[in-house]
Each structure stands twice: as structure tokens, then as C-alpha cells.
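K.L.:
Fold the stuff below for me.
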Amino acid sequence: MTAPSPAGSSATEPRATPDTDPTTGLDDAAVAARLADGRDNAFQADTSRSAWNIVRANVFTLFNGIVFACFFVLFLVGRWQDALFGFAAFGNAIIGCIQEFRAKAALDKLALLNAPHATVLREGEERDIASGEVVLDDVLILRAGDQIAADARVLTTRALQVDESMLTGESDPVDKHPGDELLSASIVVAGSARAQVIRVGADSYANRFAGEAKRFSLVSSELRTSVDRVLRWMSWLIGPIGLLVFNAQVMVAGGYEKAFRTGAWVQAVVNTIASLTAMIPLGLVLMTSIAFAVGAARLAAQKVLVNELPAVEGLARVDVVCLDKTGTLTVGEIAFDEAHPVAAGPDSAGWRPVLGWYAAAPDANATARALRDAFPVAEPGSAEPATIPFSSARKWSAVSFPGTGESWVFGAPEMVFGDAAADPADPLGAVVSRLADTGRRTLVLARAGTALTEKQIAAETLPERLAAVVVLTFREQVRPDAADTLAYFREQGVGIRIISGDNPRTVAAIAREVGLDAADGFDARSLPDDGAALATVLDEHRVFGRVTPEQKKRMVVALQSHGHVVAMTGDGVNDALAIKTADIGIAMNSGSPATKAVARLVLLDGQFSHLPDVVAQGRQVIANIERVSMLFLTKTAYATGLAILFGVLVMEFPFLPRQLSITDGLTIGIPAFFLALMPNSRRYLPGFLRRSLSFAIPAGVLIALALTVYARLATDLGVPADRLRTGATLILAVVGIWVLTVLSRPVTRLKVLVIGAMFLALVVVFTVPLATTFFALVDPGRDAAYLVAMITILTICGIEIVRFVHTRFVLRALSPDQQPEPDARNSAPREEATAPGA
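P.N.:
Numbering: from 1, shown residues only. So this is what the prediction gives:
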């Protein structure tokens, strides 16, 4: 898809008028007029699936079409009793819709409560409004960290820099000047500005991609891909196998001429439908959808907003979590601690008013604002000072006050003074090193004897001959749940990387405080440019300081290049690129709108302790779906094998559709629903479909051969068709219960209740007269009973052998790169290496 030109617009697009006063903005009457004629920024962006998409995904599918066609054929031939599978499929679709609608309601409610806002200038005052309430010609007030709500044209600016990477792919910030256009959804990374809105709603640049880039989208999903692959295989097989089975059933009835003359073709159709409907793993699709929806709804109840439902599965695959220190390990609120003068004398006497100016500046960040109580601002001068605004890439800002002939720089010591700030032999380095080792964040205020020049301001370069005046320390409060959360990740074999823009020693001190073994942090200024070398450094170190936003993104990419599935957490605008690049981006609700917009998960209450629940929920989804997939794929395997064997051997199919409904419902469908939602903390391992099929195909072939042998021997013994079908149903029911038990191991109390309930239901079906009459079940007779018992016992023994071999196969399939991270391997539980469902 070709991106529309940022400057382009349609002929019918509302145009901005050039006469909005940048000092007062629109008045209320002008706003009301624009709202009345639809010139506002309202745009319906999906945060979850639409109602139609939910219904279509659960009802209007290829295999539902096949099932419902078979359902109506049976009604037409007067065999409604054998059409139970149609009601089951209809019920599955209804359940799937209900579950997804419940999840949709929860997600939409949370998304509404956390909708983005914009600051506009109206009637001379700043107003914080919802982004959808912005109107054409509004004057936007933009500051660092803001996401631009609508396309706009810059009116006035103070060193405005905008990150348009989420729209254009260009990672470097773009300088913007009066008259330049700003694109909606881009991010202000430095400076401030006032801008007039020129395009709103569906006409704005970002919203033109709404059809391609929904908030709800099908992200990379091994579960979904694997299920779709199985369905694609079956779609190719159903036609030929259906013709083969129908031909065999007609031949058994005496040939086409006799079958159509006597009406025996009806039973041939019924038998064919029984074989085809058994081959379709409809319930597996349902269980996958329900597991995603329920997982998202459960996370929503814990104040975790899932922007993309399949991201729930991605949580299970995470094996490295990258954590931003500020706002993630710490509460994000920084407090001024103490001032530590580096030198005394006349050159350093005026630093207190300078800090007061930094604290009171309109675009002051959280660190600067923390100085307001300690350094109140003096009366502001009439002349504007010359400034270089703070940038997260430079990590410093500068100011020159008119008439002073000097300039001041405020920023990270290492970024202002380089290696000298870390040299214990240097006066500044000695102070910084001592303070950083205590875990406090350090900034330096430095003075130059000359004012900032226009060249320095344009190039954003440091003034010459800087001298450190005072080192300021700030304290961050560590989240009380951080240590326990990191301990959980270590126990689960998930690697931890702490990535921060702060001093490496400060970051390492915080890391040690939360229980991470980190002697010293790695200074990101020494990170190699080569991707392979960077990945090696990331394997060897856990804590990194002085990391730029672009480096955060590169670090995520490097970890991914070594086969890791990476989750990135953060709250600042400088985390947005890395969060977007990570497999699972997790944002704090206290973070910038830009960061939350690209994250797949948002922690609405900002509680870091939710992360173990998030990971556990993802593991539960994928591990349980893998377990139940073996049930459904085993049924598909034996049904396909039965259809082929009975078609090739020209034998009468040994089941009525209603009889297969018994085994489908009581040994697969109903218990699978409970199994899919049970707790399961097994680590994710790649190869979901391979592992599932490695059990399902041998088990299915074994069951198909057992039923074929039974049918052949029963026929040779002269067992009537109704008794033969009853015996086959009994074998399949008992073996199905056994397969369910095998795949449920280790068997917990809840699983015992589920399996026991299914067994009791089977007893009722086979003994209560009303049920036996409806399902055409009769006493199989003594000879058939002995045969049923023998075949059942042998099949159960075969299933145990298959499971034993399968478990060994899974253990051998665990390659070294799937083992826990080096820092977590010793504490990872032994059960993490067990076979799925074992």
C-alpha cells in the first residue's frame, strides 16, 4: 500500500483557514460551529473486533458451511436424529460469539476510559480535551512527550523536534520550523510549539491507514497459523474422501442401481456425513478463539488493557523481558535529594537562580520540576533567554540569559563532560562516582564564560570551556513489588535486561536493590554498532545505562536476532521505538500517549506486579490450547483414517452421526472447554503443531485400525449392524475417555471432577432407556461384548505406548537454545522441561 502524501488532500477535504490567532486560539462559537458541521477529529478506531467480524469469524466459515450443509441434508432425508452435530456446531458458534463479545465489551470500556487527550488553546486559555474533540483550525499546545492529535501547521516553536518513525519509518527526529506540517500520530521528542490544525478525523494522515493498521489486528500467532494449516489440509481431503466413503457405502448397499431403487442411498448419505463431520476439528477453532478472548478479559479485570487479542498468546513465548528503570522498577516520581557544589568562587555564585529558571520553564521535564520547591524562581525578566532545549538523545539542555555574557548547561555528567565525569581522579568524577554508587541519580550544572551563539543553538552543540559548578542528586522510590516480580521471572527462566538512560552505576545500584546480581552497569556509549557484536554484549550483561532511544530499539532487535522473544516495558516517549519493535510491547498507563499507542498491552494502574500475571495468562492460553489440540487432532486423525480404511475396504461405516456426537461432546468438546481455561504455567516451546501431531497421528491411526479390526471381526461373527455400531461407539467412548485422561496428566482434583463427570454422562447415555433409544444403542451381545473388551484393552495399552514415546520425543526436541537464560537456569523449576500436557 502506497502511503498518501502528508501534504496531499482530497478535493472535498475540509481546509483550514489561516486567520486563527495563535495567542488566543478559537472562541467557543467557532468551535461549536465546526462541531455542528462535522469538522472535528472524531474517528472510530477499532480497539477490538467489530461485532460483524466476531460473528463472521465464528459463524461464516468454510467448515461451518460444510457442517450446516450436512445438517440440512439430514433434515431433508428425514434423519433429524443424526443432525445433532449441527446443533453442537451452532452452539459452538454462539458460545464463541458470546465469549468474544464479553471480551470486546471489557476492552472497549477500558479503551474509552484511557482514550488519548490533547491540549488546545481556546479563548486564550489552555484546555485539556479528548483528541476526538479537536476541531479544524484549533491551536494545539505541543510539548515533549505529546502525540500529535491531528495534522497541523507549526505557528510558533521553541526548538521543536518530532519523531515521525511510526508513520514514515525514519528513526531520526525531524526539526520543525514555523510553516512546517506536523503529521498526526507523530511524537514530540523535544522542544515545544503551537500549531494550527489543518486536517482532522478520517482526513488526517495517520487515520488514512485505519483499514490497514487497526488497533485490533491478528499479530503473529503460531496457534492461529497451525490451526489454519490443519484446516487447509482438511479442506483438500474432505472432497475426495467424501466421494470414496459414499461410493463404499453404496457398494455395501448392493450398488448404485439397487441403492437408489430401494432407498438404501439414504443410509449411504448418513454414513458419509458421519465420516466427514468427524474429520472437521471445529471445536479447536472455537477453543482457540475462546482462550484468546477469555485471556484478554481476565487481564482486563486485572487492569491490563490488551490492544491486540492474539498478543495474549505472545506472552507465553516471551523469554527475555527488557525493563526501563524509571517508571517500571521505580515508581517514576523523582524527588530532589541534595546539591553538592563541585567548586566555590565567584564563577559559581549564581547557580541557584539558574536552577529556579530550569524548574519553572514551561517545557520542564519531571526531573527539572522536582527542583521547584528547593529553588523557587525569581521574578522573570522581560527578555527571552537563548536556549537549547533538552533532548533525550543528548541528555542535556543549555540557557544563556540576556546581558550576563555566560551560559549554563544542565544534564547528565557523562554527556556533558565525557569520561572525566567517571574518573575518580577528577574533582567532578570523584563526586559523581561516589554519589552514583549510592543509587542516586546525578545531574550536573555547568557554566561557561561565554553566551550561547546562534551557531551553537542551531547545531545544538555544547559551549566551550565548561566548568562543573554543582552536582544534583535525585532519589527514585523502588516499587515495593519489583523484587518479587523479578524473582518470579528468574524462577520461570525468563531473562532480565534493565535498560535506562541514567548513569550505569545508578542503574546497577537500583538493580541490586531489587535482587538482580549486577556489579556494574554497562555504559551504552560503548555499545558496538555491529548487530552481532551487540547481541553478544547483551548475552553477557544484564544492566545498561546511558542508553539512547535508538539504542533501545537496536538492543531489542539484537536480542531477537539470537532467537529470543522479547517483551519491552516502559513509560517514556523514549521507550516508544523499542516497545513498538519488541514482540510484546508493554506500557504503563502513566506513560506518554505515544508509548501507549504502540504498546500491545497497557498496565492501566501502573502496577509492575501485574507482569507475572500477564506472562502466566499467556502461558496458560498456549499450553492449554496445545493440550486440547491433541484431543481434537486425534479425533481428526482417527476419523480420517476410518473414512479412508472403510472406503478402500468397502465396509459399512460403523457409526451413525448421532453416535459420534456422544464421543465428540463427552470425550472432547465439553472437557476441552474446561481444560482450555485451567491454570497452566508451562514455559512456551516452539513447535506447537509438530508436538501435537506427533501424538495425534499415531494415536489416531491406532484407534482407526482398532475400530477397523473390530468391525471386520464383528462382521465375520455375524453381529448385526445396530449391535456393531453400539460396540464401536462403546470402544470409541472408553478409549476417548482414556485419551482425555492421558492428556490431562498430571491429574488434579478439578481434572478428576471433569473426567469423572464425562464418564458418568457416558454411563447415563449407555444405560438410560430414553438415551439408548435416541442414540440407537442396543445390547451388543455376548460375543460382541468380549470383542469390545479385548479391542478396548489393547487400544488403551497402545495409547499408553504412544504417549510414552511421544513424551520422550518432546524431551529430546528441547534444544539448548530453548533452555532458560543463564541467569535463571539454576532456579528454573524442573517441570518446565516436561512434555506439554504431561
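K.L.:
ok, now how distant is the closest residue to D437 other than its chain neighbours from D175?
P.N.:
Distances taken as C-beta to C-beta, 6 or more residues apart in numbering put R505 closest to D437, at 5.7 Å, once the chain neighbours are dropped. Yep, even glycine has a C-beta here, placed from its N, CA and C like the rest. R505 sits 33 Å away from D175, going by C-beta to C-beta, to the nearest Å.
K.L.:
More neighbours: those two, which one.
P.N.:
Set R505 next to D175 and count neighbours by other C-beta atoms under 10 Å: R505 wins out with 24 against 15.
K.L.:
rewinding a little: need the per-residue pLDDT for the residue nearest to D437.
P.N.:
In this prediction, R505 carries a pLDDT score of 80.
K.L.:
Show the contacting residues for it.
P.N.:
In this structure, R505 makes contact with S433, A436, D437, D520, G521, G545, judged by C-beta atoms under 8 Å, 6 or more residues apart in numbering.
K.L.:
for it, helix, strand, or coil?
P.N.:
Three-state call for R505 (DSSP: H, G, I helix; E, B strand; the rest coil): helix.
K.L.:
do the same with F410
P.N.:
Per three-state DSSP, F410 ends up strand.
K.L.:
next one: phi and psi at the nearest residue to it once chain neighbours are set aside?
P.N.:
Nearest residue to F410, sequence neighbours excluded (C-beta to C-beta, 6+ apart): L445, at 5.2 Å. Backbone torsions for L445, taken as degrees, to the nearest 10, come to phi -110, psi 120.
K.L.:
Counting neighbours, what do you get for L445?
P.N.:
Around L445 there are 23 residues (other C-beta under 10 Å).
K.L.:
Bridged to it, which residues?
P.N.:
F410, V470 (DSSP bridges).
K.L.:
now it: how far from M758?
P.N.:
Per C-beta to C-beta, L445 is found 73 Å from M758.
K.L.:
Repeat that for T225.
P.N.:
T225 sits 30 Å away from M758, going by C-beta to C-beta.
K.L.:
Tell me which of the two has more neighbours.
P.N.:
Counting neighbours by other C-beta under 10 Å for T225 and for M758 shows that M758 has the greater number, 21 against 12.
K.L.:
State the mean pLDDT of stretch 200-213.
P.N.:
Mean per-residue pLDDT for stretch 200-213: 61.
K.L.:
burial count for S433?
P.N.:
Look at S433: counted by other C-beta under 10 Å, it has 18 neighbours.
K.L.:
pLDDT score for it?
P.N.:
Among the per-residue scores, S433 shows a pLDDT of 84.
K.L.:
How about it: what's its closest non-neighbour residue?
P.N.:
Spatial nearest neighbour of S433, chain neighbours left out: P424 (5.4 Å); criterion: C-beta to C-beta, 6+ apart.
K.L.:
Likewise for V734?
P.N.:
Take V734 and drop its neighbours on the chain: the residue closest to it by C-beta to C-beta, 6+ apart is T792, 5.2 Å away.
K.L.:
Surely the one you found touches A733?
P.N.:
No. In this structure, T792 is not within contact of A733 by C-beta atoms under 8 Å, at 9.4 Å.
K.L.:
quick one, which of those two is more surrounded?
P.N.:
Between T792 and A733, counting by other C-beta under 10 Å, A733 is the more crowded of the two (23 against 20).
K.L.:
What residues sit buried inside the helix or strand containing that one?
P.N.:
Secondary structure from DSSP states H and E places A733 in helix 721-743. Within helix 721-743, the residues that qualify as buried are 723-743, counting by 16 or more other C-beta atoms under 10 Å.
K.L.:
One more: stretch 769-781?
P.N.:
Neighbour counts using 16+ other C-beta under 10 Å place T772, F775, A776, L777, P780, G781 of stretch 769-781 among the buried residues.
K.L.:
Same question for stretch 555-567.
P.N.:
Applying a neighbour-count criterion of 16+ other C-beta under 10 Å, one finds M555, V556, V557, A558, L559, Q560, H564, V565, V566, A567 buried in stretch 555-567.
K.L.:
Quickly name whichever of those residues is closest to V269.
P.N.:
Nearest to V269, judged by C-beta to C-beta, of these is V565 at 48.7 Å.
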